[in-house]
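Peer 1: I'll drop the sequence and a predicted model, then ask my questions.
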Amino acid sequence: MLKIIAIILMFGVIVFVHEFGHFLFAKLNHIRVNEFAIGMGPAIMKFGKKETQYSIRLLPIGGYCLMAGQDGEDTSEGSFDSKSVIARLSVMLAGPFFNFLLAVILSVATAHFYLIDPPVVSEVSKGGVAAVAGIEPGDEIIAINGDSVDVFREITLFRQIADLTQPVELTWLHNGEKITKTVNLTEEQGYMFGITCSPREAKNFGEELYYSLIEVRFQIETAITSVKMLFTGGVSVKDLSGPVGIGNMMSDVIDEAEETGGTKNAILSIISFMVLVSANLGVMNLLPIPALDGGRILEAYSPLGTGKIFDVPEMQKLSEKYQRSIAQICIRWSLQMGFLPLPKSVTPARIEENLNVFDFELEEADVQLIADLKGCVGYAGDPDNMPF
């Protein structure tokens, strides 16, 4: 039960902070906010007599900021669409920015109570690639293929996403001297560099702050890399995780932390996991998908801010692969993230029509997505009878 509460609170805090960013910048830009809600579902408390109604809702899984004119149907004074492009951009960017800010604040806590992992070599495997190249304990890896390395996990990430059959350029510091050599990882050695790192405590607050910024940058870069792999075929949309999948992962993290270090480790693991989820939410919300902040940013930034960037003539300029990827991700997220409402106009027939609008045949993945939607409990072909 405690794990369920922790998972719900994690989602609640992260989504609430995101929506609070929108709310704060809407107020700063004098945009009317009709309602700011903490939680989702039926309201259990409402207050506020001026232009904004504040509510606390039954399900503590986030919240929302309902701005006047955000749907494009209200252009009166003080509405979202009546404001300048810069004002609208600042409101839309505020949500992801606040997610990144939350990740930094939480990372300071983990850097203080946890260990940091600078890319300083503690051990070198005898006969390994690194040993042959001349790397010794105490050396610091500073770049791989010209890309800077600030934490040891970046070396691990490189091994997960790179073509390890190709030569690798390693740069490291040895007694203050910068050395660069090209090495070849081998299948016989498991495509390993043959080095390990010993995490350590941060020396002072300055180092804690520095590594918290590095941590968030690492999580953002990892999320961006994952998105790139979605569009290049490196991973499938089936690999995306919604709240249930993330909740299961967090449950496993808590169990492992409790086994190894008790309650304190469990709390720190939750905070560390929140850094990952918050940074990822910030990145994913910037994707150019109509339902997300990135889509609204493109609409605000389209010619004269008319929001026509997603019209068919504009979308036809994109590659078919990109079009299909966007459609699949939108539908897959809608299905997986059950607490996010689908528009009432979304039906299997409408999805099938949209996928066919560019005259490409439905693939097996598209058919499965439509079948998944048809199979949703409570859906009987009536747009007003969606289960979300």
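Peer 2: Sure thing, it's come through. Note that the coordinates shown come from a computational prediction; the quantities given were computed from them, not determined experimentally.

Peer 1: what bridges to V168?
Peer 2: V168 forms beta bridges with V183, as assigned by DSSP bridges.

Peer 1: quick one: low-confidence ranges for the protein?
Peer 2: 1-3, 61-62, 71-74, 230-263, 290-291, 299-388 (pLDDT under 70).

Peer 1: domain-wise, how is it divided?
Peer 2: Here the domain assignment for the chain is 2-111, 121-197, 310-385, based on automatic domain parsing.

Peer 1: so how far is V108 from L102?
Peer 2: 11 Å (CB to CB, to the nearest Å). Placement of C-beta: from N, CA and C, glycine included.

Peer 1: anything in contact with each of those two?
Peer 2: Shared contacts of L102 and V108, defined by CB atoms under 8 Å, 6 or more residues apart in numbering, are absent.

Peer 1: out of the two, which sits in the busier spot?
Peer 2: In terms of neighbours (other CB atoms under 10 Å), L102 is the more surrounded of L102 and V108; the figures are 25 against 17.

Peer 1: mind listing the helices for the stretch 101-250 of the chain?
Peer 2: 129-133, 153-161, 205-232, 243-284 (DSSP state H, counting those that start in this stretch).

Peer 1: quick one: closest of those helices to V120.
Peer 2: Proximity to V120 (CB to CB) singles out helix 153-161 among the helices of the stretch 101-250 of the chain, at 11.4 Å.

Peer 1: outside of that closest one, which residues touch it?
Peer 2: 117, 119, 141, 144-145, 149, 191-193, 195, 218, 222, 225, 229, 234.

Peer 1: doesn't V13 fall inside a strand?
Peer 2: No: read with DSSP: H, G, I helix; E, B strand; the rest coil, V13 is helix and lies in no strand.

Peer 1: give me the distance between the nearest residue to it once chain neighbours are set aside and A111.
Peer 2: In space, and not counting its chain neighbours, V13 is closest to M274: 7.2 Å by CB to CB, 6 or more residues apart in numbering. According to CB to CB, M274 and A111 sit 14 Å apart.

Peer 1: before we move on, what about G138?
Peer 2: G138 is 22 Å from A111, by CB to CB.

Peer 1: out of the two, which sits in the busier spot?
Peer 2: Just comparing G138 and A111: by other CB under 10 Å the higher neighbour count belongs to A111, 22 against 12.

Peer 1: how near is that one to I142?
Peer 2: A111 is 20 Å from I142, where distance means CB to CB.

Peer 1: can you check I135 too?
Peer 2: From I135 to I142 the distance is 12 Å (CB to CB).

Peer 1: overlap in contacts, those two.
Peer 2: Counting by CB under 8 Å, 6+ apart, the residues touching both I135 and I142 are W172.

Peer 1: so which of those two has more stuff around it?
Peer 2: I135 (24 against 16).

Peer 1: the more buried one is in contact with T171, isn't it?
Peer 2: No: the pair I135 and T171 fails to qualify as a contact (CB atoms under 8 Å) at a distance of 10.8 Å.

Peer 1: overlap in contacts of those two?
Peer 2: Shared contacts of I135 and T171 (CB under 8 Å, 6+ apart): I141.
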